[in-house]
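> I would like the atomic coordinates for the input below:
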Amino acid sequence: MTENVQADSAEPIDEDARRIDWSKAQKGARLLLEAVGENPDSQALQDTWQRRVPGAFQTLTEGTRIEAKPELQTFEVSGDTFVVKSDIPVYSLCEHHVLPYFGTATVAYRSNGAVVGLSKLVRYVRWQSRKLTMQEDLTQDIATGLAEEIGTETVLVELSATHLCEAMRGVETKTETSTRAVVGDPTESERKRFNEAT
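Numbers count the residues shown, from 1 in each chain. I've put the predicted structure just below:
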C-alpha cells in the first residue's frame, strides 16, 4: 500500500472553508478503494480519493459545524400565527452504514409574535440534516433546535424518508419511514392543520 497521499493540487484552495481533516479523508477513501480491490492510482480513481470523496464529506457533514448554521432572522407579526412549511427536501447520512437517506420534512411552529423567513426554514433543515445521524434523532434535533433558535414554545416536525441502507442492502426493499417530533403543547386546531399538511 502506498502511504504517500500528498495531493496538494487536489486540496481546497480556501483553507478557512476546509472544516474536515482533508488528509485523513483522503487516506480513508484510498484505503476503502484498496479494500474492495480497486487501484486508487488509476486515472479513473485518482480524483475520487484525492478530491471528490473528501469534498463530498466536507459538504455532507456541515451540520456538525456550528459556523455553518444559517442565521434565522425573525420578523415581527401581530398575534400568534401558526406557520406550516411542507415538502422541505432532506438528505442525510445513516450513522450505521454511512449511506444516504432522503425524503421530505414538514415543519410547523407557533409564531409568538415573530416569524422566520421561509427560505431560512429550508436552510435550517438542510444544515441539521448534514451529519451522520438516525432519522429519529434528526427529527427531534430539527424540532428542539428550531424552538430554541426562534424562541417558540410549539414546534411540530414530521420527516418521511427512504433509506438506501435498507434499499441497497439488507432486505433490499425501498420503503418509506415517517418520524414525528413535537415540542410544547399544540392546540387541536394546530395539530389538525399540521396533519393536513403531512
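> same for the lengthiest strand in the chain, what does it pack against?
Scanning the chain for the longest strand, with DSSP state E as the assignment, gives strand 82-94. Using 3 or more CB pairs under 8 Å, 6 or more residues apart in numbering; DSSP states H and E as the contact criterion, the elements in contact with strand 82-94 are strand 100-110, helix 118-129, strand 132-133, helix 135-150, strand 155-163, helix 188-197. Yep, even glycine has a C-beta here, placed from its N, CA and C like the rest.
> give me the sheet partners of it and which way each runs.
Sheet pairing for strand 82-94, assigned by DSSP bridges, gives strand 100-110 (antiparallel), strand 132-133 (parallel).
> closest to V155 out of these?
strand 100-110 (4.6 Å; CB to CB).
> against T187, how distant is I66?
In this structure, I66 and T187 are 33 Å apart, going by CB to CB, to the nearest Å.
> the two: who's more crowded?
Higher neighbour count among I66 and T187: T187, with 11 against 7, using other CB atoms under 10 Å.
> and that one, what pLDDT?
Each residue has a pLDDT score; the one for T187 is 96.
> could you do M134 as well?
Looking at M134, the pLDDT reads 98.
> cool, L156 as well?
Looking at L156, its pLDDT is 98.
> could you chop this protein up by domain?
Annotated domains of the chain cover 8-60, 70-197 [automatic domain parsing].
> and those domains, which is most packed in?
Across those, the average number of neighbours (mean count of other CB atoms under 10 Å) peaks for domain 70-197, which reaches a mean of 16.
> done for today, thanks.
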